[in-house]
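[1] Provide a 3D model corresponding to the input given below.
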Amino acid sequence: MNRSRRAFIGAVAIAVVVVVLKEVATSRAEEKGDPYALPKDCAVREGFVAVTGGRVWYQRVGSGDATPLLTLHGGPGFGHDYLQPLGRLCAERPVIFYDQLGSGKSDRPKDDNLWRVARFVEELGQVRAALGLKRVHILGQSWGTMLLTSYMLTKPDGVASVIFSDPAISMPQWVKDARRLRSELPAETQATLDRHEKLGSTNCYEYQAAVNEYYKRHVCRLAVYPEVLERAFAGLGQNVYLTMNGPTEFSVTGNLKDYDRVARLKEIAHPAMFICGRFDEGTPEATESYHRAMPGSEFVVMEKSSHMPMLEEPDRYIEVVREFIGKNDHAQ
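    Coordinates of the predicted model:
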């Protein structure tokens, strides 16, 4: 996620009292039938798991014997909160969320050497082992699709199916698409971005407002951001994002800059589905190319969404996920 957007949200949400107020707002939203809220009638269990480098927070929503759904949030360094609509599946199967180390409610160690793909892959395995997830469906979103891809290339046991939502499996392709989408912004917006990037004044309000024009088109097209998304922004781990991605979507200088596993997608033989929004920064064209690189996979475009279809079209998104994992509950 964009450093400037994170800086803006962080500036308005840094105080603990704001977090408390947001939690109160969540409770009120649930009373009004918030489509993003967790169902009240599903059991919720949460806690911490020890992983390499610290502890990660997890939440298990729902119970029963159906194959659980494990979610991998984006960023890197974002929180799990915006994926919360998937908790609506809890009446059918357990849904597990966790904040990757360095983000959300998890520990935030200061060792930047921890922010590597291989360590996050190791962490995922440790979370599965600690929670007893011997058989599981896995959904990754945005950076979470990189994590999911790298994890699946280790040939883990017990994975029933995989979902790549709003994928970023090739960072060179991601940057190419981001620059093209940026070139389609109004000329004055592009000029503002260019000017402040040249001056090094990307933390100013004018630059942040220009970046937000990109976000409104290609990250989340809702007029008002849901509380779960604002909460995810507030829980961002800047060190993780800067180390792995870099300063912005348009300038990727971190250790993910050369990440590209498209040629290896064919090695993943599990039932798989790719989902993206029509206006996604993980573009339909790029997502379809990933789908073509994985024989037998499915491909769905959410026509009214950008990068957050679970928030922009929650009902359809949940139904697409429900149908796919349901038919693959017993896949080998």
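[2] ranges for the strands of this structure?
    All strands of the chain, identified by DSSP state E, fall at 44-51, 54-61, 69-72, 95-98, 136-141, 159-165, 272-277, 298-302.
[3] elements contacting the third one?
    Meaning strand 69-72. Where contact means 3 or more Cβ pairs under 8 Å, 6 or more residues apart in numbering; DSSP states H and E, strand 69-72 is packed against strand 95-98, helix 117-131, strand 136-141, helix 143-152. Backbone N, C-alpha and C define where each C-beta goes, glycine included.
[4] again, only this time at 10 Å
    Contact analysis of strand 69-72 by 3 or more Cβ pairs under 10 Å, 6 or more residues apart in numbering; DSSP states H and E lists strand 54-61, strand 95-98, helix 117-131, strand 136-141, helix 143-152, strand 159-165, helix 314-327 as its packing neighbours.
[5] before we move on, what about the last one?
    Using 3+ Cβ pairs under 10 Å, 6+ apart as the contact criterion, the secondary-structure elements in contact with strand 298-302 are strand 159-165, strand 272-277, helix 284-293, helix 309-312, helix 314-327.
[6] which parts of the longest one are buried?
    The reference is to helix 314-327. Of all the residues in helix 314-327, those buried under the rule 16 or more other Cβ atoms under 10 Å are Pro314, Arg316, Tyr317, Ile318, Val320, Val321, Arg322, Phe324, Ile325.
[7] kindly reformat those as CSV containing pLDDT.
    Shown next, in CSV, are these (pLDDT from 0 to 100):
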residue, pLDDT
Pro314, 97
Arg316, 98
Tyr317, 98
Ile318, 97
Val320, 98
Val321, 98
Arg322, 98
Phe324, 98
Ile325, 98
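[8] got the residues you listed as CSV, with distance to Gln84 columns?
    Output for the buried residues of helix 314-327, formatted as CSV (distance: Cβ to Cβ, whole Å):
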residue, distance to Gln84
Pro314, 10
Arg316, 17
Tyr317, 12
Ile318, 11
Val320, 17
Val321, 13
Arg322, 16
Phe324, 19
Ile325, 17
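[9] which single one of the residues you listed is nearest to Ala37?
    Pro314 (10.7 Å; Cβ to Cβ).
[10] look up how far Val224 lies from the closest one.
    Distance from Pro314 to Val224, counting by Cβ to Cβ, to the nearest Å: 15 Å.
[11] could you do Gln141 as well?
    21 Å.
[12] again with Gly64
    Counting by Cβ to Cβ, the gap from Gly64 to Val224 is 34 Å.
[13] Ser183 is nearest to which of the strands of the chain?
    Nearest of the strands of the chain (Cβ to Cβ): strand 272-277, 19.4 Å.
[14] who does that closest one touch, helix- and strand-wise?
    Using 3+ Cβ pairs under 10 Å, 6+ apart, strand 272-277 is in contact with strand 136-141, helix 143-152, strand 159-165, helix 284-293, strand 298-302, helix 309-312, helix 314-327.
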